[in-house]
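**Student:** Structure here, sequence nowhere to be found:
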C-alpha cells in the first residue's frame with residue numbers, strides 16, 4: 001500500500017449508546033455495526049490490542065500528527081478507554097519506534113465535562129485542544145437540539161470557563177442551523193462576538209451533513225442555514241481578518257478578532273482533490289482503519 005498524506009487520526013471511542021440524541025447526528029444516519037474488540041473481557045483482547053497498536057503506528061508512518069478523539073458516542077462516556085489510549089500513545093508507540101501524538105484534540109458536546117475530568121484530560125490523556133460542538137449559544141436550545149437530557153444539561157459559559165482555566169485551546173465548532181444564528185440576533189458578526197466573549201481561540205463553522213432519507217437528514221434540510229449565510233461568513237472573515245494558513249485539505253484559515261476561523265463545508269471529507277489524499281484516518285473499536293466514516297472506506 002502506497003504512502004498517504006494524512007492530517008490526523010480520528011479515534012472512535014467505543015460505547016453502547018450515546019447519552020445525547022443530536023437531531024443532526026451523522027452516526028444515526030448509518031446502519032453499519034462495528035464490533036467493539038477493545039473490550040478487555042473478550043478472550044482475544046490481547047490480539048486485537050496489538051492490531052490496534054499496529055494501526056496507530058501505520059497512521060504515524062503516513063504522517064498523521066494529530067489525534068482526534070471522537071466517536072459515535074460522547075467520548076467522555078468511556079473514561080476507561082481514554083486511560084488505555086493514553087498509555088498506548090505515551091508509552092507503547094515510542095517502544096514501536098514512533099513518536100507519540102503530541103497534538104491531541106477532543107471533540108465533545110460538553111456533557112460530563114467538569115474540573116476533575118478536565119484535569120484528567122490534560123494531565124493523563126494529553127489533550128491540548130477541546131473542540132466544543134454547539135448548536136446554539138442559548139443553553140436551552142443547544143441542549144434541545146443536541147438531545148442532552150435534563151440531568152446532563154450543560155451551561156456553555158461554565159464549560160468554556162473550565163476549559164480556559166485548564167489552559168485548553170478552545171475551539172467552538174458551530175453546527176450551522178437556524179437556531180445558532182438566531183441565538184446571536186441573526187448576524188454573522190454576532191457569532192464572532194459571542195465566541196470571543198466565551199474565550200474561544202478557534203472557531204469552525206460546520207455545514208451540516210445530509211445523507212439518505214432519514215430523520216436526521218430531514219431535520220437538517222428543514223433547519224440548516226441558507227447557503228447565503230456561508231457566503232456572508234466568508235465575506236466577513238475576508239473583510240475583518242487575514243489569511244494565516246492553507247490547511248492540508250485545502251481550507252483557508254484566517255485570523256479574525258484574535259481567533260482563527262475556518263469554514264468547513266465538507267466535514268465528512270467527501271471531496272478529495274487527489275486520489276491519495278485524505279483528511280484523516282478513522283480507527284474504530286473493531287481495530288480496523290478507515291479513510292472515511294463508512295464500512296466501504298476500509299483500508300486496513
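**Tutor:** The structure has been received and is ready for your questions. Just so it is clear, the model here is predicted, and its values are computed rather than measured.
**Student:** Pull the contacting residues for residue 89.
**Tutor:** Taking C-beta atoms under 8 Å, 6 or more residues apart in numbering, we find residue 89 in contact with 56, 67, 100, 101, 104, 126. Quick note: C-beta positions are derived from backbone N, CA and C, even for glycine.
**Student:** My assumption is that the fifth one lies in a strand; please confirm.
**Tutor:** In other words, residue 104. Yes - membership of residue 104 in a strand is supported by DSSP: H, G, I helix; E, B strand; the rest coil.
**Student:** what are the ranges of the strands in the stretch 101-250 of the chain?
**Tutor:** In the stretch 101-250 of the chain, the strands defined using DSSP state E, counting those that start in this stretch lie at 103-108, 129-134, 169-175, 202-206, 241-246.
**Student:** Compare the mean pLDDT across those and name the weakest.
**Tutor:** Mean pLDDT values for the strands of the stretch 101-250 of the chain show the minimum at strand 241-246, a mean of 93.
**Student:** Direction included, what does that one pair up with?
**Tutor:** Here strand 241-246 has these sheet partners by DSSP bridges: strand 252-256 (antiparallel).
**Student:** Name the nearest of the contacts of residue 89 relative to residue 211.
**Tutor:** Nearest to residue 211 out of these is residue 67 (C-beta to C-beta; 25.8 Å).
**Student:** What about the closest one, how many residues nearby?
**Tutor:** Counted with other C-beta atoms under 10 Å, the neighbours of residue 67 add up to 26.
**Student:** Can you point out the buried residues in the longest helix anywhere in the chain?
**Tutor:** If you go by DSSP state H, the chain has its longest helix at helix 45-61. For helix 45-61, burial by neighbour count (16 or more other C-beta atoms under 10 Å) applies to 48, 49, 51, 52, 53, 55, 56, 58, 59, 60.
**Student:** Spit out the contact partners of the fourth one.
**Tutor:** The one in question is residue 52. If you count contacts by C-beta under 8 Å, 6+ apart, residue 52 has them with 37, 38, 88, 283, 287.
**Student:** Return the per-residue confidence for residue 13.
**Tutor:** With respect to pLDDT, residue 13 has a value of 97.
**Student:** Assess the claim that it and residue 69 are in contact.
**Tutor:** Yes - taking contacts as C-beta atoms under 8 Å, residue 13 lies within contact range of residue 69: 6.4 Å.
**Student:** so what's in contact with those two at the same time?
**Tutor:** Common neighbours of residue 13 and residue 69 (C-beta under 8 Å, 6+ apart) are 75, 82.
**Student:** any weak-confidence spans in the protein?
**Tutor:** 1-5, 28-32, 248-249, 266-278, 295-297, 300 (pLDDT under 70).
**Student:** Quick check: most distant residue from the centroid of it.
**Tutor:** residue 43 (31.5 Å; C-alpha atoms, centre = their mean).
**Student:** which of the buried residues of helix 45-61 lies closest to residue 175?
**Tutor:** Using C-beta to C-beta, residue 59 is the member of the buried residues of helix 45-61 that lies nearest residue 175, at 26.9 Å.
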